[in-house]
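Trainee: Could you work out the structure for the sequence below:
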Amino acid sequence: MSEPTWGFLTNHFYVLRSIARDPSLTLREVAERIGITERAVQRIVAELEDGGYLVRAREGRRNRYVIREGRPRHDLDAALPLRELLGLDERIAPVARRQSFID
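Mentor: Predicted coordinates:
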């Protein structure tokens, strides 16, 4: 039997979870972990920022990301907290509430 060419989760999920677990990762490192291009990760990060799920903070020459709850997702998973959806332990990368957005 051959390996499947599809998965249950999207690259957006993998990028967000990688950043949540280790906010110090570079986008290149995220791309290598997931197996997609760095340009694809840049596009996904921009979309996640636009959606309110990530806020970028500059630290010297690097970016660090803060995970935010963001606007409601699909009706089927909107009731599930982002932390739970990402499988994050409370000790790993706190997820800020939507009200604490920095505009």
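Trainee: Could you pull up the residues touching Arg17?
Mentor: Residues near Arg17 by C-beta atoms under 8 Å, 6 or more residues apart in numbering: Leu86, Gly87, Leu88. Heads up, the C-betas are built off the backbone N, CA and C, glycines and all.
Trainee: just curious, which of the residues you listed is nearest to Val41?
Mentor: Leu86 (16.6 Å; C-beta to C-beta).
Trainee: That closest one - how many residues pack around it?
Mentor: 19 (other C-beta atoms under 10 Å).
Trainee: So it is in contact with Val15, correct?
Mentor: No. With contact defined as C-beta atoms under 8 Å, Leu86 does not reach Val15; the gap is 11.0 Å.
Trainee: Buried residues of the helix ranked longest in the chain, list them for me.
Mentor: Longest helix in the chain, counting residues (DSSP state H): helix 38-50. For helix 38-50, a neighbour-count test (16 or more other C-beta atoms under 10 Å) marks Val41, Ile44, Val45, Leu48 as buried.
Trainee: just stretch 82-89 next, same as before
Mentor: Buried, per 16+ other C-beta under 10 Å, within stretch 82-89: Leu82, Arg83, Leu86, Leu88.
Trainee: Check the gap between the last one and Gln42 for me.
Mentor: The reference is to Leu88. With distances taken as C-beta to C-beta, to the nearest Å, Leu88 is found 23 Å from Gln42.
Trainee: And the second one, by the same measure?
Mentor: In this structure, Arg83 and Gln42 are separated by 25 Å, where distance is defined by C-beta to C-beta.
Trainee: Give me the subset of the contacts of Arg17 that lies in helices.
Mentor: Those of the contacts of Arg17 lying in helices (DSSP H): Leu86.
Trainee: Grab the nearest non-local neighbour of Glu47.
Mentor: Distances taken as C-beta to C-beta, 6 or more residues apart in numbering place His12 nearest to Glu47, at 7.0 Å, with adjacent residues excluded.
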